[in-house]
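Novice: Fold the stuff below for me.
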Amino acid sequence: MINVYAAFAEEFMAMPVIKGVKSANERFAGAIETYSIEALMQDGKALQAGTSHFLGQNFARAFDVKFADKEGKMDYVWATSWGVSTRLIGALIMAHSDDNGLVLPPKLAPFQVVIVPIYKGEEQLAAIDAKVEEIVKSLKALGISVKYDNSDNKKPGWKFSEYELKGVPVRLAIGSRDMENNTAEVARRDTLTKETVSLDNIDQYIKNLLDDIQANIYKKAYDYRAGAIVNVDTYDEFKEKIEDGGFIMAHWDGTSETEEKIKMETKATIRCIPLEGDKTPGKCMVTGKPSKQRVIFARAY
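Specialist: Model (predicted):
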């Protein structure tokens, strides 16, 4: 299940995550094992974006939940618990958004494209309406969700700001001059850039642009995380680096006592023991005792 979480986060949310197993101190109370996906937010803090718990028979024994096996013998059920819900909404907001509002990956945006007309008088609006109807039809044929906002109770500038705040990936603005030139102004939310584009084959252009925006949002988050992962070998260095935020890869001797000492002294916790990556053994940064592999430390929400 943790692989499903990771695939969803990276493919649709454009949010890179690290899959791992929790330490005994950090696992879900009563669980035998807890697996998680850990993400890094823009403020340098970690977020446990999803969890999968193997509960064994512990809760079944506590609540006397049984089943009949193949031989008809009663036994306590083996249970799991999966936790991935509203915390992903918080992750999406904190991982990508900026001072202008939400930045939504196209694969998750309720509307991938919004079209705003710029006009004077009903005659110009009617002409733009007719042209936009063709554009909307061609975009929807490609599976692109689009909204045409020709409401007359807000000015175009207000609409631009509103949809930027809501994180709509692409905005098209079409005015009377655009109609004459067969063009539209295309603005992308991820980079806040604008360009004038021909309306010929605009549907395919938008489709390719959405793919590029999805990839760019992921790359930005990935590059940020990559630059915020550091390896440390000594506890003094750890105490210094943890103040900068980010993920710290360090050796740990596997004991709850050492883990608790680090948490008490630095407010950092073991986010997970990575399932993938470098498995080189070493020495615990605190005690010098043998360590099977580096684990991920960070301050978290």
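
Novice: When you work out contacts or count neighbours from here on, use the C-alpha atoms and nothing else.
Specialist: Will do.

Novice: what's near enough to touch residue 95?
Specialist: Neighbouring residues of residue 95 by C-alpha atoms under 8 Å, 6 or more residues apart in numbering: 15, 40-42, 221.

Novice: so which pair among these is furthest apart in space?
Specialist: Maximum pairwise distance in the contacts of residue 95, criterion C-alpha to C-alpha, is 11.4 Å, between 15 and 42.

Novice: Neighbour count for the two, which is higher?
Specialist: For residue 15 versus residue 42, the count of surrounding residues by other C-alpha atoms under 10 Å is larger for residue 15: 26 against 19.

Novice: for the protein, longest strand please?
Specialist: In the chain, with assignment by DSSP state E, the single longest strand is strand 46-56.

Novice: counting contacts, what elements does that one pack onto?
Specialist: Counting contacts by 3 or more C-alpha pairs under 8 Å, 6 or more residues apart in numbering; DSSP states H and E, strand 46-56 is packed against helix 2-11, strand 33-40, strand 79-83, helix 87-96.

Novice: Check the ones you listed for me and report the most buried one.
Specialist: With neighbours defined by mean count of other C-alpha atoms under 10 Å, none of the helices and strands packed on strand 46-56 is more surrounded on average than strand 33-40, at a mean of 26.

Novice: which strands and helices sit next to the lowest-mean-pLDDT helix or strand in the chain?
Specialist: Least confident element among the helices and strands of the chain, by mean pLDDT, DSSP states H and E: strand 79-83 (a mean of 88). Taking 3+ C-alpha pairs under 8 Å, 6+ apart as the contact definition, the neighbouring helices and strands of strand 79-83 are strand 46-56.

Novice: Of all the residues in the helix or strand just after the longest strand of the chain, which ones are buried?
Specialist: Toward the C-terminal end, the helix or strand that comes next after strand 46-56 (DSSP states H and E) is helix 58-63. Of the residues in helix 58-63, those buried by neighbour count under the rule 16 or more other C-alpha atoms under 10 Å are 58-60.

Novice: How about stretch 272-287?
Specialist: Going by neighbour count (16+ other C-alpha under 10 Å), the buried part of stretch 272-287 is 272-274, 282-286.

Novice: now what about that stretch, what contacts it?
Specialist: When contacts are defined by C-alpha under 8 Å, 6+ apart, stretch 272-287 is touched by residues 18-23, 36, 38, 233-235, 250-253, 258, 289-297.
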